[in-house]
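Peer 1: got a structure for you, letters missing:
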């Protein structure tokens, strides 16, 4: 069986995922596309032989759509995801699940009412080989209980439209999700510190930012977010346990010795860094849809948690580095909780 | 358009490639399977909804087959590849192209007579990211002219059926192909030395072996083949140019510090080492078939060259390390030569 | 000229430095030794042909002593250093300069009154090749202004006598000194956080601890102090600037591939980690004494600063992680300040 | 007791060792200096308060000289070493022990007649921490029997006076000595191959050269000698055993990330690479002299072996890469042999 996917939002990310579903994921085919810009929807649909539909609502209920991919503008995510849940169709929503914790919670509640996981959120790092190796090592217990995690998330530069809040919402949100999963633990507090700012940024931006998170189990996380580091896209993660540590590898790259130095290239582009993870993410999602199984990737609850935690980080940033308690609802049984 | 592939030989490698064409390469579908064991052909065909056919000849001429994949027993390769060329169909042949230089040459001549490249040989390393980065660096000229290449090809262990000749024919053959491509140069001499043998081998086997190759341009290659090295599957390659060197990276893997040491795992399995390369190899092959273009991967000529060079290496092994001149025909124009 | 050194305190560290002055530093000779335990002083003095003297006061004024080394019990440091300054003799004092900020300040004032630097404090990391390379890179400006420093200081285990305060006083104090020097900046605040404690510690001890320091210039420092990390003695330091970062190297050690892994040993012993730094520290100190020059190593002011900053860290630890402002006097002109 | 050293030859290397004996090795003092250029001898002697003597013969018999250091022009080594042996004084001779195998043998015979080791040859790599770690690992047996060793010896450039023979005599000789020691094995054959030459050399020079050595136990050694590699002074050594390998580490150096790359510096200067080894070499030599013990460093026999093996390599070079058998006398009992 081939899974027929309808795509809501045909912008850059939507097009990239359509290419992935078409060229990389053998078990999927894109059958319908919609976009706020109807001509763009038509153009993109034509490239893969899909039907352009007027609205997300039309697409979700289309009998030619088995599963829905939401890659539209963030503020519209909640509406489409809720509609997909109402239609009982599997839905993959690019991050964020919704732009407010309230909307995330509405989705969680709708899904709980439906009684079965339909929603997967696009946190791709859980599908990265390096993080998966880290999780395997941590889960094996060979390093004892985790105590501390050191992270860095660096971009060469960001455009002027990137705001100080986006350091949490768009950048750190990836670490927030992957660390909750890696540690199998919940984040309880958030704090954002702004050290000396780099001169190589737009004036309105606080960069770098350092974020601290404490988990329910007492693990301390520090995360350097530095989005104008100039030298490359560089993701670092080191988890320290009672009897050892495990560190995310740098991507493999040829070593060169010339002109007095030994060197390897640092990637410039985040897409190449997690390209394989994106591929695995969609392959596994489509496989679960094909099998009629519940998604095992990041859930609506994970999307809710990420939003609540990034909200807390933003509040800390806005209040000069106060430690902000993450105020999360009890976790419903559908997501392994007791509520 | 989906490329319909017929597969000749449904053993372990055939099945792995069928899985790849089905699950990984979106633009391909396996429509026909044949095997010397008809029941195996039937079983394997059934798993992917393909037709089981009695013989390779039947499969090649089937109107449901656009392109042929030969993964049968080595001695049968030549017959099937020649038939595919005769039928004017693109054919991907797992290494070796043929078990004798004479048979390889017959294929080369047939293809030249046909006037267009139809044959691709299964040397997957040209599709490995690390080797491709090496080629990019070498081709850029930033390190000057290449002068020396140091290589190692190590396996944890080999079964008793592995013979001393297979060190050249099955193991070194990968370096032979990838180095010809990497250097854009031809191998002119071969020599095989047997140092002290490891105690951890079957008694009939000469292991390790060290192979030396000189290229037409005077580049010196040394290659350690050690197929019972115990510790892992480890591929090393370092090319030294006039002003620097470039080295193949080890696969990325988490670093672990525990119990007095810092460590990373070494792969045990060659399939995982080149899994991505295999995927790219087939994706690119299918894309070229789909586009009606000539294959750009390893050609029949490359398959011929590899066989002639491994023959020379085996003759050196059998004559106690004599330097053996590689006796190759002039390269036809179809393959960029002048003959 | 050979510098004649008198040593106050013949315990383990004193004996190690006596060995160093005797066997490693060619331009020095130990001529006098004293210790609270007179028989130990006699025994140790005998091994190097020195005279055992009854008290530090005797030793300092001895005409056979050109320079004084203080390696006695911490609470006695101030008394001996002040006496050496009063005698106008160069004095090398193992850390801490004094156990209270007040006593440190008395030494600073005495030295300022004397009008010339006589005191050097035993912070050996400034003499480590790796840190010196870091300083060279940072000072060159090639990475722009420093913004953030990430550090870790890990020991395999500590004895039961090691207290929670010692994490700042005995362990972090090395980073405190070396970072002030590396950044050429002053530490303005200190905060100590205690994440989940390791199970592998004595119950009274808070371990690990994470320390944060902000400098006058706004650089943010995080320092993991983990003194029961089990796996080895491991010192990490990474300074992030506006256009790049520089990282302290791990000590060079053979790489070994065996049994499925690639590994290098991690040192277990802090003495071996900084052995070369200790040697350079004493060679350079003796050279400055021999030349009649002022010491260029860590000054009395640096000893004072380290004590004030560790006091602030201990106060933060005792007040559950409050951010504590470092209350330091203005820096006198003798130490490059304006007071 | 301080060992009083007389130095024959006050050129660059002699001066460097005089500095070392004066500033680094506490237990030694240079008391006499001679040189073919009497005024240079006088100048250098004056810097360390030593006496300038007219000839090596005078120096060797001087009652103020306990031990002799020979750093004169190679062709004069044999004469001075023989005189020192005749005088029954410990003598450290910079490589080569003598410029001909015959002269080396005369020294060996003289020492055997004397009945006790007096001679140490200046092969400093045996004192390098990395090579010592390699030896420890190999001797432990944890990697099984050694089978293969891969080496590279690269210099940025050499002056016009450097000849093709010097690749063996001056450059490879270090590997020849350290590998005999590392493997505790004797070299039985030598072969020198000249691949494509680099364009960045003086026209008379064959560069790079690749040398192969087989040991008595069947270990195969390959050694790339490339003295105009441009990028740095780079020493590589990897020993492959039956169940794993061990690799010489690169010198520790800060890692820098900037401008799209991660890099570390490669040393340019061989002196810095082995500076610590030189220091240890002389410290241990002086300690053995002081203790009245036999030297444990490279012996006259090792000096003889190195000369015979480099002679074989030069003969191979001169005969277009013929494999040349190393024709060595039986090893006398004084050096652990049976002759």
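Peer 2: Structure's in. What do you need? Computed from a prediction, not measured in an experiment: that's the story for all the values here.
Peer 1: Model confidence for residue A:339, exactly?
Peer 2: We note a pLDDT of 82 for residue A:339 in this prediction.
Peer 1: And for residue A:271?
Peer 2: Reported pLDDT for residue A:271: 85.
Peer 1: who are the neighbours in contact with it?
Peer 2: A:16, A:278 (C-beta atoms under 8 Å, 6 or more residues apart in numbering or on different chains). Every C-beta, even on glycine, is put in place using the N, C-alpha and C of the backbone.
Peer 1: Count the neighbours of the closest residue to chain D within the stretch 101-250 of chain A for me.
Peer 2: Closest to chain D within the stretch 101-250 of chain A is residue A:231: 4.8 Å, counting by C-beta to the nearest C-beta. Using other C-beta atoms under 10 Å in any protein chain shown, the number of residues around residue A:231 comes to 21.
Peer 1: Dihedrals phi and psi, it?
Peer 2: Backbone geometry at residue A:231, expressed as degrees, to the nearest 10, gives phi -80, psi -20.
Peer 1: That one contacts residue A:157, correct?
Peer 2: No - if you go by C-beta atoms under 8 Å, residue A:231 and residue A:157 don't touch, sitting 10.4 Å apart.
Peer 1: Can you give me the distance of whatever residue of chain A ends up closest to chain D to residue A:253?
Peer 2: Using C-beta to the nearest C-beta, the closest approach of chain A to chain D is made by residue A:263 at 3.8 Å. From residue A:263 across to residue A:253, the span is 9 Å (C-beta to C-beta, to the nearest Å).
Peer 1: Is stretch A:260-270 positioned near chain C?
Peer 2: No - Stretch A:260-270 does not reach chain C (C-beta under 8 Å from any C-beta of the partner chain); its nearest approach is 9.8 Å.
Peer 1: Could you tell me the end-to-end distance of that stretch?
Peer 2: 29 Å (C-alpha to C-alpha, to the nearest Å).
Peer 1: Show me which positions of that stretch end up buried.
Peer 2: A:261, A:262, A:263, A:264, A:265, A:266, A:267 (16 or more other C-beta atoms under 10 Å in any protein chain shown).
Peer 1: So which of these belong to strands?
Peer 2: A:261, A:262, A:263, A:264, A:265 (DSSP state E).
Peer 1: Give me the local confidence score for the first one.
Peer 2: So that's residue A:261. 95.
Peer 1: and what of the fourth one?
Peer 2: With respect to pLDDT, residue A:264 has a value of 95.
Peer 1: who's in contact with the residue nearest to it when sequence neighbours are not counted?
Peer 2: Of all residues not flanking residue A:264 in the chain, residue A:253 sits nearest, at 4.6 Å (C-beta to C-beta, 6 or more residues apart in numbering or on different chains). By C-beta under 8 Å, 6+ apart, the contact list for residue A:253 reads A:264, A:265, B:130, B:133, B:249.
Peer 1: Against residue B:337, how distant is the residue lying closest to residue A:294 once chain neighbours are set aside?
Peer 2: Here the nearest residue to residue A:294 in space, its sequence neighbours aside, is residue A:117; by C-beta to C-beta, 6+ apart that works out to 4.1 Å. Using C-beta to C-beta, we find residue A:117 at a distance of 60 Å from residue B:337.
Peer 1: Ok, residue A:331 next?
Peer 2: 68 Å.
Peer 1: Just name the closest of the buried residues of stretch A:260-270 to residue D:321, please.
Peer 2: Distance to residue D:321 across those (C-beta to C-beta) is lowest for residue A:262, with 31.2 Å.
Peer 1: doesn't residue A:7 make contact with residue A:34?
Peer 2: Yes - using C-beta under 8 Å, residue A:34 is in contact with residue A:7, at 7.5 Å.
Peer 1: what's the overlap in contacts for the two?
Peer 2: Common neighbours of residue A:34 and residue A:7 (C-beta under 8 Å, 6+ apart) are residue A:59.
Peer 1: in chain A, which spans are helices?
Peer 2: A:12-23, A:38-47, A:56-61, A:77-86, A:101-114, A:129-140, A:166, A:173-183, A:270-273, A:275-290, A:300-318 (DSSP state H).
Peer 1: What lies in contact with the second one?
Peer 2: In this structure, residues lying in contact with helix A:38-47 by C-beta under 8 Å, 6+ apart are A:10-11, A:14-15, A:18, A:32-35, A:50-54.
Peer 1: So which of those residues belong to strands?
Peer 2: Counting by DSSP E, the contacts of helix A:38-47 contribute A:32, A:33, A:34, A:51, A:52 to strands.
Peer 1: Check those residues and tell me the two furthest apart.
Peer 2: Across the ones in strands among the contacts of helix A:38-47 (C-beta to C-beta), the longest gap, 9.4 Å, separates A:34 and A:51.
Peer 1: quick one: which of the buried residues of stretch A:260-270 is nearest to residue D:310?
Peer 2: Among the buried residues of stretch A:260-270, and counting by C-beta to C-beta, the member closest to residue D:310 is residue A:262, at 29.9 Å.
Peer 1: for that closest one, what are its contacts?
Peer 2: A:255, A:256, D:250, D:263, D:264, D:265, D:266.
Peer 1: where's the nearest residue in space to the third one that is not next to it in sequence relative to residue B:116, distance?
Peer 2: Once its chain neighbours are removed from consideration, residue D:250 has its nearest residue in residue C:252; the separation is 6.8 Å (C-beta to C-beta, 6+ apart). Look at residue C:252 and residue B:116: by C-beta to C-beta, they are 56 Å apart.
Peer 1: Specify which residue of the two has the higher count of neighbours.
Peer 2: residue C:252 (16 against 11).
Peer 1: Flag whichever of the helices of chain A has the least confidence on average.
Peer 2: Looking at the helices of chain A, the weakest mean confidence is helix A:270-273, a mean of 89.
Peer 1: hmm, back to that, residues near the residue nearest to residue A:294, how many?
Peer 2: Considering only other C-beta under 10 Å, residue A:117 is surrounded by 21 other residues.
Peer 1: that older thread, what pairs with the residue of chain A closest to chain D across the strands?
Peer 2: Applying DSSP bridges to residue A:263 gives these bridge partners: residue A:256, residue D:263.
Peer 1: can you pull the contacts of it?
Peer 2: With C-beta under 8 Å, 6+ apart, residue A:263 has these contacts: A:255, A:256, A:257, D:261, D:262, D:263, D:264.
Peer 1: Which pLDDT does the model give the residue nearest to residue A:218 when sequence neighbours are not counted?
Peer 2: In space, and not counting its chain neighbours, residue A:218 is closest to residue C:196: 3.3 Å by C-beta to C-beta, 6+ apart. pLDDT recorded at residue C:196 is 98.
Peer 1: ok, how many other residues are close to residue C:196?
Peer 2: Residue C:196, neighbours per other C-beta under 10 Å, totals 18.
Peer 1: I'd say residue A:266 and residue A:230 touch.
Peer 2: No - using C-beta under 8 Å, residue A:266 is not in contact with residue A:230; the gap is 10.6 Å.
Peer 1: tell me which parts of the stretch 201-339 of chain A are close to chain D?
Peer 2: Counting by C-beta under 8 Å from any C-beta, the residues of the stretch 201-339 of chain A that sit close to chain D are A:230-232, A:234, A:250, A:257-266, A:268.
Peer 1: Name the residue closest to the centre of chain A, please.
Peer 2: The centroid of chain A falls nearest to residue A:123 when counting by C-alpha atoms, centre = their mean (2.5 Å).
Peer 1: wait, what's in contact with residue A:82?
Peer 2: Taking C-beta under 8 Å, 6+ apart as the test, what residue A:82 contacts is A:106, A:107, A:110.
Peer 1: what's around the first one, how many residues?
Peer 2: The reference is to residue A:106. Neighbours around residue A:106, by other C-beta under 10 Å: 18.
Peer 1: Contacts only, for it.
Peer 2: A:78, A:82, A:98.
Peer 1: how close does it get to chain B?
Peer 2: Computed as C-beta to the nearest C-beta, to the nearest Å, the residue A:106 to chain B distance reads 36 Å.
Peer 1: Return the backbone torsion pair for residue A:293.
Peer 2: According to degrees, to the nearest 10, residue A:293 has phi -90, psi 160.
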